[in-house]
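> can you look at this prediction? I've put the sequence above it.
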Amino acid sequence: MSMGGMVEQQVADAVRALVEGDERLADVVVNNDYKINAMEVSIDEECNLVLARRQPTAGDLRLLVAVIKTITDLERIGDEAERIARMAMHISDKSQIDRFHGRIEHLGELAGKMLKGSLNAFARMDVDMAVEVWREDQKLDKEYDGIMRQLITLMMEDNRSIPCALDAMWAARSLERVGDRASNICEYVIYLVRGKDVRHTSLEQMEAEARNKPDS
């Protein structure tokens, strides 16, 4: 799970770089993105070799599928961290970020918590934890909606804030996507352990499938 740990750090550093206006840290995040990309390629190749040579079935096949899907989402989370870092490097008026950095930071904490929880659930194959983390996405979405309303109001009241507020909007959107990707990983845990595809289902359906035993 070293890839997961690196992605977690990238997200945390990107948010910190944005709220603190730390261009040096933002540059570190941007330059580290290639490492995540390389890890995805390496793990994907290993999984494909196992598929070709051993032709796994049932639980072993589900594990490989879940790993491949998870590393894809982790790579995309890494991309979102890079986007946030680039915004931190290019915000024209650093003083404007102080007007809403608290909420961006909180959104980052929620997204980071979901990411950590989803990876822990995957490592432990813990369906109950996966459901709990998946449920947290509703809280993150609510916070995201609140930030967007605040930023829209800010832009209407002060035209000078528009460039910085737009950057903050894109950063918030990236963090909301981190939460969505973490939710995906939780769905893969249910698939891995219970053998059920719970994508595009309700929370109630996901909880029901989490309680059911796997077919094989």
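Good, I have the coordinates. All values derive from a computational prediction rather than experimental measurement. Numbers count the residues shown, from 1 in each chain.
> ramachandran coordinates for residue 121?
Dihedral pair for residue 121: phi -60, psi -40, per degrees, to the nearest 10.
> again with residue 57
Per degrees, to the nearest 10, the backbone of residue 57 is at phi -130, psi 170.
> neighbours of it, how many?
9 (other C-beta atoms under 10 Å). For glycine as for every other residue, the C-beta is placed from the backbone atoms N, C-alpha and C.
> ok, it to residue 85 distance?
Distance, residue 57 to residue 85, by C-beta to C-beta, to the nearest Å: 42 Å.
> remind me which helix or strand residue 154 belongs to.
According to DSSP states H and E, residue 154 maps onto helix 127-157.
> and that helix, how far out from the chain middle?
Once both centres are worked out by C-alpha atoms, centre = their mean, to the nearest Å, helix 127-157 turns out to sit 13 Å from its chain's centre.
> for that helix, buried residues please.
127, 129-131, 133-134, 136-137, 140, 143-144, 147, 150-151, 154-155 (16 or more other C-beta atoms under 10 Å).
> just so I have it, where are all the helices in this structure?
Using DSSP state H, the helices of the chain run over residues 2-20, 23-54, 58-90, 101-124, 127-157, 162-194, 203-211.
> pipe those helices into JSON lines and attach mean pLDDT per row.
Conversion of the helices of the chain to JSON lines gives the following (pLDDT from 0 to 100):
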{"stretch": "helix 2-20", "mean pLDDT": "94"}
{"stretch": "helix 23-54", "mean pLDDT": "94"}
{"stretch": "helix 58-90", "mean pLDDT": "93"}
{"stretch": "helix 101-124", "mean pLDDT": "94"}
{"stretch": "helix 127-157", "mean pLDDT": "93"}
{"stretch": "helix 162-194", "mean pLDDT": "92"}
{"stretch": "helix 203-211", "mean pLDDT": "69"}
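> hey, which of those helices is tucked in deepest?
With neighbours taken as mean count of other C-beta atoms under 10 Å, those reach their highest mean count in helix 162-194, at a mean of 22.
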